[in-house]
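Participant: 3D, please:
(one chain, ligands or ions: 2)
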Amino acid sequence: MYNFTFHVPTTIHFGKGQISHLTELADYGSRALLCYGGGSIKRNGIYDQALSILKDAGVQVFELSGVEPNPRIQTVRRGVELCHQNDIQMVLAIGGGSTIDCAKVVAAGAKYDGDAWDLVIKPELIKDALPIFSVLTLSATGSEMDAFAVISDMTKNEKWGTAGECLKPTMSVLDPTYTFSVPARQTAAGTADMMSHTFENYFSMDDGAYVQKRMAEALLKTMIHYGPIALAHPDDYDARANLMWAASHAINGMVGDGCSPAWCVHPMEHELSAFYDITHGEGLAILTPAWMEHVLSADTVALFAAYGRNVWGLTGTEDEAVAREAIVRTREFFTQTMHMPATLREVGITDEKNFEVMAKKAADGCKGSFVPLSKDDIVEIYRAAL
Ligand code: NZQ
Ligand code: ZN
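Facilitator: Ligands and ions are numbered 1, 2, ... in the order given. Here you go, the predicted structure:
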């Protein structure tokens, strides 16, 4: 196990009614920028609830609405502008990963002299940010408890992840009842996303990180158990609660620190979203089984077999057969159990014309991964997923 520093400064208030903790924002000032998406928080009542709590706490609210899924740099710039115009002291995101990510870069942009896009492509420029708060409404990205933010510039077909210690939220409210209204398609995509985060950490070559691997398996089992229950029964509290907490831990360092994970399915998926604006979790569900098949070899078979036995309960004694069956189970879970698209065609990517350029852009991020991938490997994976 490698040396690491595990530091999560985010206070989590988990459970029903925990939104009352928004009163604590008053400790950070009296002017907040509220970021939210296309209106789901108005339909499910969270907006009214939050506004009333903040009003009682004496916090004046300014609004950045209309944050897109796959949030755009143009929206971030609008948020930074609002911060400057209104002397904003803190940023509150209410929504899914897109809204929280947008809020994070707005918070950093407000403390930066240049254009916010600099902070997306050069994370080392992120030195400071306004305090960031979130009320999570969709279990998926883990943005509520991590240092990352992913922002797109669709005019250039670019989507990049950035990161900074100061992007970790100060406080996040995780009320599983707020995810009851998440539509089936987003519930499935969110489950695929949190599973992918766990895979990206799990599939690394470090034998010494035993405890991280076993915790990752527990997270995967939880997601595989509760994902279908949340689909069938959207207001099943335990299903929503377990998915919510599992998603946060998949990416907050608990299962990745001490290993040497270098994510590679995510860089490949970010290119799909950058060129075709597809839903992140759907892209991951399509690419993951194709990637697993591509990297299965004599060097990796033992880990895939462990995945099959410990996560899927497979009992075979022959590693390769167990590994192959585990990949079949993974694909079936996404497509048959969670009713997700199986191919790129199903999400509207019908030809190979951008594969070379997307693979070239993704390749840098895939060099040091579990199995290093070249541009040609990535093109092959895209083709297999087509
Ligand atoms: O915009 P609204 O109206 O709120 O609707 C959203 C949106 O249409 C809706 N939704 C959210 N909560 C809801 C709800 N609808 C009904 N009821 C609720 N309670 O769901 C749609 C998708 O929301 P979005 O925030 O885009 O989804 P998600 O949380 O999956 O975030 C995806 C973004 O996060 C990035 C992805 O690349 C993508 O841009 N990621 C961020 C990461 C991070 N910060 O650590 C890591 C991830 O790997 C990922 O890359
Ligand atoms: Zn993801």
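
Participant: Look up how far His270 lies from the residue of the stretch 201-350 of the chain found nearest ligand 1.
Facilitator: Residue nearest to ligand 1 within the stretch 201-350 of the chain (Cβ to the nearest ligand atom): His280, separated by 3.9 Å. Yep, even glycine has a C-beta here, placed from its N, CA and C like the rest. Distance, His280 to His270, using Cβ to Cβ, to the nearest Å: 8 Å.

Participant: swap in Met254?
Facilitator: Taking Cβ to Cβ, one finds Met254 at 23 Å from His270.

Participant: Could you do Ala385 as well?
Facilitator: 15 Å.

Participant: next one: Asp277
Facilitator: From Asp277 over to His270 (counting by Cβ to Cβ), the distance is 12 Å.

Participant: which of the two has more neighbours?
Facilitator: The neighbour comparison of Asp277 against His270 (other Cβ atoms under 10 Å) goes to His270, with 24 against 16.

Participant: any idea of the pLDDT on the closest residue in space to the more buried one that isn't next to it in sequence?
Facilitator: Distances taken as Cβ to Cβ, 6 or more residues apart in numbering place Lys159 nearest to His270, at 4.6 Å, with adjacent residues excluded. Looking at Lys159, its pLDDT reads 95.

Participant: Which helix or strand lies directly C-terminal to the helix or strand in which Lys159 is found?
Facilitator: Assigned by DSSP states H and E, Lys159 falls within strand 158-163. Going down the chain from strand 158-163, the next helix or strand is strand 171-174, by DSSP H and E.

Participant: So for whichever helix or strand comes after that next one, mean pLDDT?
Facilitator: As assigned by DSSP H and E, the chain's next helix or strand after strand 171-174 is helix 184-202. Taken as a whole, helix 184-202 has a mean pLDDT of 98.

Participant: Distance-wise, check Thr330 relative to Ala147.
Facilitator: Taking Cβ to Cβ as the measure, Thr330 falls 28 Å from Ala147.

Participant: For the stretch 51-200 of the chain, what lies in contact range of ligand 1?
Facilitator: 69-70, 95-99, 101, 137-138, 140-143, 146, 148-150, 178-179, 181-182, 186, 190, 193 (Cβ under 6 Å from any ligand atom).

Participant: At the geometric centre of the protein, which residue sits there?
Facilitator: With distances taken as Cα atoms, centre = their mean, Thr141 lies nearest the centre of the chain, 2.2 Å away.

Participant: where does that residue land in three-state SS?
Facilitator: For Thr141, the secondary-structure state derived from DSSP: H, G, I helix; E, B strand; the rest coil is coil.

Participant: dump the residue contacts of it.
Facilitator: Gly96, Gly97, Ile100, Asp101, Gly190, Asp193, Ala247, Ile251, His280 (Cβ atoms under 8 Å, 6 or more residues apart in numbering).

Participant: What about these, which one has the most neighbours?
Facilitator: Ile100 leads the contacts of Thr141 on contacts (other Cβ under 10 Å) with 34 neighbours.

Participant: need the contact list for it.
Facilitator: Here Ile100 is in contact with Ala93, Ile132, Ser134, Leu136, Thr141, Ser143, Glu144, Ala149, Pro169 (Cβ under 8 Å, 6+ apart).

Participant: Great, nothing more from me.
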